[in-house]
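Novice: Model the following, please.
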Amino acid sequence: MQVRRAASAAVLLSLIVLLLPYASHAHNITRILAKFPEFSTFNHYLTITHLAGEINNRQTITVCAVNNAGMSDLLSKHLSVYALKNVLSLHVLLDYFGAKKLHQITNGTALAATMFQATGAASGSAGFVNITDLRGGKVGFGAEDNGGHLPASFVKSVEEIPYNISVIQISTILPSPEAEAPTPAPSELNITALMSAHGCKVFADTLLSSPAMKTYEDSALGGLTVFCPLDDAFKAFLPKYKNLTVAGKQALLEYHAVPVYQSMQMLKSNNGLMNTLATDGAKKYDFTVQNDGEQVTLRTSIVTAKITGTLIDREPDVIFTVDKVLLPKELFKASLAPTPAPAPAPEANSPKSSKKKHKSPPAPASPADSPADSPDGDAADQTADENGAVRFNGGRFITVAFSMWLAFCLL
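Specialist: I've put the predicted structure just below:
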């Protein structure tokens, strides 16, 4: 009896150990902030400056968000996108500060390293932020190179995933002479000239006449992946494109680029949802990357496009060609796919094949002729968590189930 109890205890202990790491969470700052319209401008510039991807790739981090009014004060300074990135990276602390921890700082003050400091662009301690627990329950924030002033204060906790990411609101942008200093731009890449010379002239010409070109240029210097529809595909789509609103046209063009460098190998190893230049707050404008062997496809809820070639791959920029125009569900609604014809009946005297034949999938649904509200959601949206993703391990699930069954038998 004691042997059975000991065995049961051992199995249960193993079960607990297996369950502890069973699910791992990956945060997504864009989706966290998308739930709060007052941070839409801050969220947008995290994407434009490529900080969103860097934040998502880090653990134990605090984002000090500023509302739209605070961002207006920053934008009124007309800083370059590179200086904007330095300023915003000063608002990303490389430590976890939840609301409780802010009010329990040892000795009442702390010096926190930021992503600006981690870039190596900040001299001395200019990339650190001073956090001080003030009288009356207030907590002050100030850049270390700001002469000891604490111009910002803690407003509220926005989202906390202990001890992974904490998103808090502070009252104003942290002024920093060094972060705001003019930053030299890297050498520019003429992406439209490359597109025009390699079978994507229609898309390139359309892009040049759109405000989306500015978004491409700002992103190209820090990292950009473009999926350029070939001329035949975009020519056929032009009538529908002309029916879109001005904002819709810009969003569609921005939907064909990702604000981060993604080589072909990276796309093959990073299947899943991907944000685009058009992603902004509640408007997801994302698509799913999938690969089958060497073939990589981009799937929206309306169309699936294949990557057919690489125009240029020179980090931090890469341009791929695709065989179809990517249609976001935010601008188009899916039509019902035609019902596939029934399979012909087998001949009476025909021998049965030793291998089962798989039916070809139905043709992809064609887009509607005019923009429409998006559907409630597709399978990809339903499997994505609002703040991040939960990854499950099938092998561990089987082991857990077996351990539970064994424990039940031994008890």
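Novice: can we go C-alpha only for contacts and neighbour counts from here?
Specialist: OK.
Novice: Touching, Thr30 and Asn43? I think so.
Specialist: Yes. Thr30 lies in contact with Asn43 (CA atoms under 8 Å); the separation is 6.3 Å.
Novice: Alpha carbons only: can I get stretch 265-279 in CSV?
Specialist: Coordinates of each C-alpha in stretch 265-279 appear next as CSV, following Å, rounded to 0.1, in the frame of the first residue of the first chain:
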residue,chain,number,x,y,z
GLN,A,265,14.3,32.1,-44.5
MET,A,266,12.7,34.1,-41.7
LEU,A,267,9.3,34.0,-43.4
LYS,A,268,9.6,30.2,-43.7
SER,A,269,10.5,29.8,-40.0
ASN,A,270,8.0,32.4,-38.6
ASN,A,271,4.7,31.3,-39.9
GLY,A,272,1.6,33.0,-38.4
LEU,A,273,-0.1,36.4,-38.2
MET,A,274,2.0,39.4,-39.4
ASN,A,275,1.2,43.1,-38.9
THR,A,276,1.6,45.5,-41.8
LEU,A,277,2.3,49.2,-42.3
ALA,A,278,-1.5,49.7,-42.3
THR,A,279,-1.9,48.2,-38.8
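Novice: For it, which outside residues touch it?
Specialist: 44, 47-48, 215, 251-252, 254-259, 284-291, 294, 296, 380 (CA atoms under 8 Å, 6 or more residues apart in numbering).
Novice: Narrow those residues to those in strands?
Specialist: Among these, the residues falling in strands (DSSP state E) are Ala257, Val258, Phe287, Thr288, Val289, Gln290, Asn291, Val296.
Novice: can you pick the most crowded of those residues?
Specialist: Counting neighbours by other CA atoms under 10 Å, Val258 leads those with 27 neighbours.
Novice: Spit out the contact partners of it.
Specialist: Leu224, Thr225, Val226, Met274, Asn275, Thr276, Leu277.
Novice: change it to 7 Å
Specialist: The contact partners of Val258, by CA atoms under 7 Å, 6 or more residues apart in numbering, come to Leu224, Thr225, Val226, Asn275, Thr276, Leu277.
Novice: What residues are recorded as beta-bridge partners of it?
Specialist: Beta-bridge pairing for Val258 (DSSP bridges): Thr225.
Novice: cool, Ala110 as well?
Specialist: Ile131.
Novice: For it, report the pLDDT, please.
Specialist: pLDDT recorded at Ala110 is 92.
Novice: correct me, but it touches Phe128?
Specialist: No. Counting by CA atoms under 7 Å, Ala110 stays clear of Phe128, with 9.9 Å between them.
Novice: The two - which one has more neighbours?
Specialist: Phe128 (25 against 16).
Novice: pLDDT wise, what is that one at?
Specialist: So, for Phe128, pLDDT stands at 94.
Novice: Quick check: the gap between it and Thr114.
Specialist: Applying CA to CA, to the nearest Å, the value for Phe128 to Thr114 is 6 Å.
Novice: Could you report the neighbour count for Pro196?
Specialist: Careful, residue 196 is Ser; it's not Pro. There are 16 residues near Ser196, going by other CA under 10 Å.
Novice: among the contacts of Val258, who's most crowded?
Specialist: Val226 (30 neighbours).
Novice: Might you report the residue contacts of that one?
Specialist: Applying CA under 7 Å, 6+ apart, we find Val226 in contact with His256, Ala257, Val258, Val318, Ile319, Phe320.
Novice: that older thread, of the ones in strands among the contacts of stretch 265-279, closest to Leu79?
Specialist: Val258 (22.8 Å; CA to CA).
Novice: where's that closest one relative to Val322, distance?
Specialist: 14 Å.
Novice: Tell me the buried residues in stretch 231-247?
Specialist: The neighbour-count check on stretch 231-247 (16 or more other CA atoms under 10 Å) flags Asp231, Ala233, Phe234, Tyr241, Leu244 as buried.
Novice: Can I get these in CSV including secondary structure?
Specialist: As requested, these are exported to CSV (DSSP: H, G, I helix; E, B strand; the rest coil):
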residue, secondary structure
Asp231, helix
Ala233, helix
Phe234, helix
Tyr241, helix
Leu244, coil
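Novice: which of the residues you listed lies closest to Ala179?
Specialist: The closest of these, once distances to Ala179 are taken by CA to CA, is Leu244, at 39.4 Å.
Novice: gap between the closest one and Asp313?
Specialist: For Leu244, the distance to Asp313 - CA to CA - is 31 Å.
Novice: Check Lys268 too.
Specialist: On the measure of CA to CA, Lys268 and Asp313 end up 15 Å apart.
Novice: just to revisit the earlier point, pick the one among the ones in strands among the contacts of stretch 265-279 closest to Ser166.
Specialist: Distances from Ser166 to the ones in strands among the contacts of stretch 265-279, taken by CA to CA, are shortest for Val258, at 25.4 Å.
Novice: What ranges in the stretch 101-250 of the chain fall below the confidence cut-off?
Specialist: For the stretch 101-250 of the chain, applying pLDDT under 70 flags the ranges 184-188.
Novice: now the strands for it?
Specialist: Taking DSSP state E, counting those that start in this stretch, the strands of the stretch 101-250 of the chain run over residues 109-113, 128-133, 139-143, 152-161, 165-170, 224-229.
Novice: would JSON lines of those strands with distance to Lys201 be doable?
Specialist: Output for the strands of the stretch 101-250 of the chain, formatted as JSON lines (distance: least, CA to CA, whole Å):
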{"stretch": "strand 109-113", "distance to Lys201": "46"}
{"stretch": "strand 128-133", "distance to Lys201": "47"}
{"stretch": "strand 139-143", "distance to Lys201": "47"}
{"stretch": "strand 152-161", "distance to Lys201": "44"}
{"stretch": "strand 165-170", "distance to Lys201": "43"}
{"stretch": "strand 224-229", "distance to Lys201": "9"}
